[in-house]
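[1] output the structure for:
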Amino acid sequence: MSERFTFVLDDRELASSPASTLIGPRAFGGIVFRRSTLAGRVSDALKAAGGVDFVHARSDAEYLAALAATAREGSWCVIWHASAVARSREAFLALLARLRLAEQQVRVGARRTLAVVGPGLVLQQTALDPWGLTRDWPVLDVDDGLVDLTDYREALRFLSGGFEARHFNNVSADDATVTKRSQDIAKISAEHDFYYLLPDTLRSWFVAPTNLTVGEGWASYQMPRHYVPDAALQWIHGALSPEDFERLLDATFAFLDARPVRGVSVREVGAAVDALYLTKVEQRIAALEATPQSARLNGLLQFGTRERSLRDLVARYHAHFTRHRAALCEPAALAIGHGDLCFSNMLYDADNGQLRLIDPRGARTEAELWTHAGYDLAKLSHSVLGDYDWITSGRYRVAMDDDRSLGIHLIDGNTALAPRKQAFVTRIEQRGIDPRVLRTCEASLFLSMLPLHSEHPNKLLALTLNVARILDELDANA
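    Just a heads-up that it's a prediction; the model follows:
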């Protein structure tokens, strides 16, 4: 192959079943993996390699135009099916280097053709079907280095590693088990022990941890691997139809209703409310203020929002918390809670409506199982109404709005999510829950997580602007 060539990412095909149950009926290049689309990852890798003209072909017209250009120039071309993903950037660049050395037309992939390489003039003769018409070409077998996203099991194995683990966790997996390891021995031990402290009636909702191992400065436990996507993966890719989402809500509220609840004194529930939604916020904001990123964030808030500082934003939150504190203390009860009931901790099989939960907050004693009865619902709300999973997966942009203030906007999400969000609001209102009270708790969750993302300045700003957005909505509905 000549030193310079054209790389055509053939992204014309929409995912079909079973892959569409993971990512919806979308083109493969738009799949989000570790805060970037797959097409964006290919483009970035090719820029690093150099000497490659990249074409992202999302229609027949774009695809044919790219082939016509290479045919006129007499150059070589790689046509890469967008459903083919290298397991790592290094593996992709290594394969690209091998393709540069090709002296004859070849196809890549023994089980299914994932890419073809040849002179542009020859490839143009295959017209719209290089995958069928080149089946007699010599094969470059690199199946071990590529993931075929049309294969449900391969896709799930690959994409389930797409959401970032917290900085103190390391998660690895093989075909049978998932292993979670951390230097935070107390946290890992508490997550493991939580399951065995649960009443029998709740254990069936959780994936059972086993084999707790404590080493020198680390701890780990294992879980059986379930080939079921988490709800966050399905949520941001639009894989949940309105009917699927209603069934997910059915299952989640069934779990919430199954939790044991015990009556306590007004003083005790008030202490739980203050600890979760007031003291925790203050401690986390103080932790953020101790970092270098705090000054940069305050500068952006001062010149791009109605707040002059993070403290002004916290003061706005305090006003809403004070207004709704009495409602948060009713009923005077505590519940056994998951503690982090967001979409990324919910394994959901849309085909049968089965829900299994992972990564609870943890507990070392029976008393630590109990929490404010509304906390799990607030965590669920921050995924549904608060767009938490869109932000953590990088599917947002920060831009100056018409009023010359900074705002956060979801990429490809606002319109599609609106009816599902309303379905959730309808559910909570039917239960006699004031959405304003729930969203006040939700705002506290976003404030509390800010220092956990201080090493990512753009995400830190996005999360802060999201708090401002939630408070603006609460102000409008006060």
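
[2] with only the CA atoms kept, save the helix or strand hosting Phe7 in CSV.
    In this structure, Phe7 sits in strand 5-10 according to DSSP states H and E. Provided in CSV are the C-alpha atoms of strand 5-10 (Å, rounded to 0.1, in the frame of the first residue of the first chain):
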residue,chain,number,x,y,z
PHE,A,5,-4.1,6.2,1.9
THR,A,6,-7.8,6.9,2.6
PHE,A,7,-9.5,5.4,5.6
VAL,A,8,-13.3,5.2,5.1
LEU,A,9,-15.3,4.4,8.2
ASP,A,10,-18.5,2.8,6.7
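
[3] buried residues in it?
    Residues of strand 5-10 classed as buried: Phe5, Thr6, Phe7, Val8, Leu9, Asp10 (neighbour count, 16 or more other C-beta atoms under 10 Å). Any C-beta I mention is one placed from the backbone N, CA and C, and that applies to glycine too.

[4] quick one: neighbours of the closest residue to the first one other than its chain neighbours, just the number.
    So that's Phe5. By the measure of C-beta to C-beta, 6 or more residues apart in numbering, the closest residue to Phe5 outside its immediate chain neighbours is Trp76, 4.4 Å from it. Counted with other C-beta atoms under 10 Å, residues neighbouring Trp76 total 23.

[5] beta partners of Trp76?
    Here Trp76 sits in beta bridges with Pro119, going by DSSP bridges.

[6] mind starting the numbering at 3 from now?
    Got it, the first residue is 3 from now on, which makes the last one we talked about Trp78.

[7] which element is Glu92 on?
    Following DSSP H and E, one finds Glu92 within helix 91-102.

[8] just Ala41 next, same as before
    helix 40-51.

[9] elements contacting that helix?
    The contact analysis (3 or more C-beta pairs under 8 Å, 6 or more residues apart in numbering; DSSP states H and E) places helix 40-51 against strand 7-12, strand 54-59, helix 91-102.

[10] can you put these in JSON lines and add distance to Thr72 and mean pLDDT?
    As requested, those are arranged in JSON lines below (distance: least, C-beta to C-beta, whole Å; pLDDT from 0 to 100):
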{"stretch": "strand 7-12", "distance to Thr72": "5", "mean pLDDT": "90"}
{"stretch": "strand 54-59", "distance to Thr72": "8", "mean pLDDT": "91"}
{"stretch": "helix 91-102", "distance to Thr72": "14", "mean pLDDT": "84"}
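
[11] from the ones you listed, which stretch is densest packed?
    Burial of these is given as mean neighbour count (mean count of other C-beta atoms under 10 Å); strand 7-12 ranks first at a mean of 24.

[12] show me what it packs onto, helices and strands only.
    Strand 7-12 packs on helix 40-51, strand 54-59, helix 62-75, strand 78-83, going by 3+ C-beta pairs under 8 Å, 6+ apart.

[13] quick check: mean pLDDT across the last one?
    Per-residue confidence for strand 78-83 averages out to 89 on the pLDDT scale.

[14] what is the neighbour count of Ile287?
    20.

[15] surely it and Leu312 touch.
    Yes: Ile287 lies in contact with Leu312 (C-beta atoms under 8 Å); the separation is 6.8 Å.

[16] what stretches of the stretch 3-152 of the chain score poorly on pLDDT?
    By pLDDT under 70, the low-scoring segments of the stretch 3-152 of the chain are 3-5, 145-146.

[17] repeat that with 80
    3-6, 19-20, 36-37, 75-76, 102-105, 112-113, 122-123, 126-130, 134-137, 143-147 (pLDDT under 80).

[18] ok and the helix holding Ala41 relative to helix 91-102, angle-wise?
    Here helix 40-51 runs at an angle of 60 degrees relative to helix 91-102 (axes from the mean of the first three to the mean of the last three C-alpha atoms, to 10 degrees).

[19] and helix 40-51, which residues are buried?
    Leu40, Ala41, Gly42, Arg43, Val44, Ser45, Ala47, Leu48.

[20] contacts only, for the closest residue to the fifth one other than its chain neighbours.
    Counting by C-beta to C-beta, 6+ apart, Val44 lies nearest to Leu11, which is 5.7 Å off, once chain neighbours are set aside. Going by C-beta atoms under 8 Å, 6 or more residues apart in numbering, Leu11 touches Gly31, Ala41, Val44, Phe56, Val57, His58, Ala59, Trp82, Ala84.

[21] how about the helices of the stretch 203-352 of the chain, start to end?
    233-238, 244-260, 268-276, 282-291, 295-306, 312-330 (DSSP state H, counting those that start in this stretch).

[22] need the contact partners of the second one.
    Think helix 244-260. 203-204, 207, 233, 236, 242, 340, 343, 348, 350, 352, 355-357, 359, 378-379, 382, 421-422, 425-426, 429.

[23] report the buried members of those.
    204, 207, 233, 236, 242, 340, 343, 348, 350, 352, 357, 359, 378-379, 382, 422, 426, 429.

[24] which of the residues you listed fall in strands?
    Met348, Tyr350, Leu357, Leu359 (DSSP state E).

[25] looking at the residues you listed, which one is closest to Asp391?
    Using C-beta to C-beta, Met348 is the member of those that sits closest to Asp391, with 10.5 Å.

[26] for beta bridges, what are the partners of that closest one?
    In beta-bridge terms (that is, DSSP bridges), Met348 pairs with Leu359.

[27] kindly provide the distance from it to Asp176.
    23 Å (C-beta to C-beta, to the nearest Å).

[28] still on that earlier bit, quick one: the helix holding Ala41 to strand 7-12, angle?
    Using the same axes, to 10 degrees: helix 40-51 against strand 7-12 is 170 degrees.

[29] what's the angle between helix 40-51 and strand 78-83?
    Using the same axes, to 10 degrees, helix 40-51 lies at 150 degrees relative to strand 78-83.

[30] hmm, Ser385 is touching Asp342, no?
    No: using C-beta under 8 Å as the test, Ser385 is too far from Asp342 to be in contact (10.5 Å).

[31] look at the two and report which has more neighbours.
    A side-by-side neighbour count of Ser385 and Asp342, using other C-beta under 10 Å, places Ser385 first with 23 against 18.

[32] which other residues reach stretch 346-353?
    Stretch 346-353 has contacts (C-beta under 8 Å, 6+ apart) with 23, 165, 209, 228, 230-234, 236, 241-243, 246, 249-250, 253-254, 340, 356-362, 385, 391, 394.

[33] oops, could you answer that again for stretch 320-329 instead?
    Stretch 320-329 is contacted by residues 272, 275, 279-280, 436, 438-439, 442, 445-446, 473, 476, 480 when judged by C-beta under 8 Å, 6+ apart.

[34] equivalent analysis for stretch 112-126, please.
    Applying C-beta under 8 Å, 6+ apart, the contact partners of stretch 112-126 are 3, 8, 69-83, 85-86, 101, 104, 106-111, 128, 132-133, 136-137, 139, 141-143, 145, 148, 150, 152.
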